[in-house]
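Undergrad: model this:
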Amino acid sequence: MDQEVTVDTTYPAIGEIFELTLDADDPLADPIWMVRKDGDIYEDAERWSFTGTRLVGIHTRRFKLADIGHQLSFDAVRSALEEYGRIPEGQWRHAFEVRYRKAHGGLVGFADSSWVDSEGATRFPYFFGIGNTRFNWTLRDFHDRWLWVVEVSK
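TA: I've put the predicted structure just below:
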């Protein structure tokens, strides 16, 4: 990204609207490169696939964090998020990471299950701690410590 990016040391408050800019043409925002970037934890990153629509170009959008409590399934997560806003494309994790890479915090999920690992399991991207990123399985329940990013209209 050519523009200067503010780096925050704390996550936004739950419900607080914040803006992110994503340069989807940045190689680090490529959906499969996002898997490779997460390190050796995914030894078989070459065998993952991306089933979503890849964003291209530069986008600026508004978001907020939603706290939806404990959910028994990924489908329940997605349903609960509907009242808060639109579920953004998982590539937005890259823009969140750029802005909040120095933030101390918990699990922040992007409820986009467009990644399929080498075993055929669907996964979604998330951010945690100081600059840590991973992909989690959709076949599980989600404790109440998860926060979720939703896009809000202008």
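Undergrad: now do the lengthiest strand in the chain, average pLDDT.
TA: As assigned by DSSP state E, the longest strand anywhere in the chain is strand 58-66. Mean per-residue pLDDT for strand 58-66: 98.
Undergrad: C-terminal to that strand, what's the next element?
TA: Per DSSP states H and E, the first helix or strand lying C-terminal to strand 58-66 is helix 74-81.
Undergrad: what mean pLDDT would you report for the helix or strand following that following helix?
TA: Using DSSP H and E, the helix or strand that follows helix 74-81 towards the C-terminus is helix 92-100. Average pLDDT, helix 92-100: 96.
Undergrad: same question for stretch 107-126.
TA: 96.
Undergrad: same thing with stretch 142-154?
TA: Averaging pLDDT residue by residue across stretch 142-154 gives 93.
Undergrad: next one: stretch 76-86
TA: Per-residue pLDDT values over stretch 76-86 give a mean of 98.
Undergrad: output that stretch as CSV, restricted to C-alpha atoms.
TA: Provided in CSV are the C-alpha atoms of stretch 76-86 (Å, rounded to 0.1, in the frame of the first residue of the first chain):
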residue,chain,number,x,y,z
ALA,A,76,-25.3,-19.9,13.9
VAL,A,77,-22.4,-17.4,13.9
ARG,A,78,-23.4,-16.2,10.4
SER,A,79,-27.1,-16.0,11.4
ALA,A,80,-26.4,-14.1,14.5
LEU,A,81,-24.2,-11.6,12.6
GLU,A,82,-27.0,-10.7,10.2
GLU,A,83,-28.4,-8.1,12.6
TYR,A,84,-25.1,-6.3,13.0
GLY,A,85,-24.1,-5.9,9.3
ARG,A,86,-22.8,-7.7,6.3
